[in-house]
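Undergrad: just need the structure, nothing else, for what follows:
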Amino acid sequence: MEKKGKKRKEIKRKLLHKYRLVILNESTFEEKISFKLSRLNVFITGTLFIIVLIGLTTLLIAFTPLREYIPGYSSTRLKKQATELTYKTDSLVNVLSYTNRYLENIRMVLRGDFENNEMNRDSLFEQFKIDPSTIDLSPIREDSLLRAQVALEDKYNLFQRNVSSGNLVLFSPVSGVVSQEYDAQKKHFAVDIVAEKDAPVKAVANGTVIFSEWTIGTGYVIIMEHEEGLLSVYKHNGSLNKEQGEIVRAGEVIASVGNTGELTTGPHLHFELWNNGSPVNPSDYIDFN
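TA: Purely as a prediction, here's the structure:
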């Protein structure tokens, strides 16, 4: 016990023993500054200095732009840019996917090829079709008056007869005789209209020309995009009056009837309608008579 007590007293004496730190002038040995220190004071001062240094370094890293120069530390600006680039990449992927589907639809229109493996729309119509025998179809007085008024207006209408699809009104592209009707089973997704050579071909509705070029099989072809996902296609033209990207109004001349392409059988217009990538019967939308 006495030895332990002596050791403790010795350690205490060493820690508290005073030392004098003197700074002298090297030439004159004049005393400039002197400090009285102990080992305990030096230890406490050094510990406090290290703690303060760590605290300042932490504040520097957390609240100043200098933290960006520390290896492995990512800045807030870079994180924000990375997040924005991620969102932009996702958006571009969606736009690219939509564009690819759109271009594939255009290729199908040019090839005249269509395979509907997803669903049969005719079967859906049959499923929800109403039996006319269960409905009273006898006209009322107001209906008869309306029919007479419409017939009178059509009689003196200066424009060709048209059929409306939703809010979109379609006009006949050319005056002539229908030589071949729409036949999906034979993959003839069009109506062929025989007309005089060089007769004007008109736009069926307001829209934008998205294709206006020569093709081997169908000669001069022009395709227009309209509202509600509708595409109108005019093939075997003798010449084209509009270029890709032009905005065209309904009834404006866009081409002339011709006999171009390897698949033609004489001067006529091969006219197609595509709704959201699927061919539809133009006769359901336009009266060609």
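Undergrad: pull the longest strand from this structure.
TA: If you go by DSSP state E, the chain has its longest strand at strand 230-240.
Undergrad: quick one, what contacts residue 267?
TA: Residue 267 is in contact with 194, 195, 196, 197, 238, 257, 258, 259, counting by C-beta atoms under 8 Å, 6 or more residues apart in numbering. Yep, even glycine has a C-beta here, placed from its N, CA and C like the rest.
Undergrad: any idea how far it is from residue 280?
TA: As for residue 267, its distance to residue 280 is 25 Å (criterion: C-beta to C-beta, to the nearest Å).
Undergrad: middle-most residue in the protein, spatially?
TA: With distances taken as C-alpha atoms, centre = their mean, the residue of the chain nearest its centroid is residue 95 (3.0 Å).
Undergrad: show me the shaky parts of the stretch 1-150 of the chain.
TA: For the stretch 1-150 of the chain, the stretches flagged by pLDDT under 70 are 1-3, 65-77, 111-150.
Undergrad: how about the strands in it?
TA: Using DSSP state E, counting those that start in this stretch, the strands of the stretch 1-150 of the chain run over 18-24, 31-38.
Undergrad: can you tell which of these is closest to residue 178?
TA: Closest of the strands of the stretch 1-150 of the chain to residue 178 is strand 31-38, at 113.1 Å (criterion: C-beta to C-beta).
Undergrad: the closest one - contacts with which helices or strands?
TA: strand 18-24 (3 or more C-beta pairs under 8 Å, 6 or more residues apart in numbering; DSSP states H and E).
Undergrad: please identify the buried residues of the strand it packs on?
TA: Within strand 18-24, no residue is scored as buried using 16 or more other C-beta atoms under 10 Å.
Undergrad: give the pairing partners of it; include direction for each.
TA: strand 31-38 (antiparallel) (DSSP bridges).
Undergrad: so what does the longest strand of the chain touch, helix or strand wise?
TA: helix 76-111, strand 207-215, strand 219-225, strand 253-257, strand 268-275.
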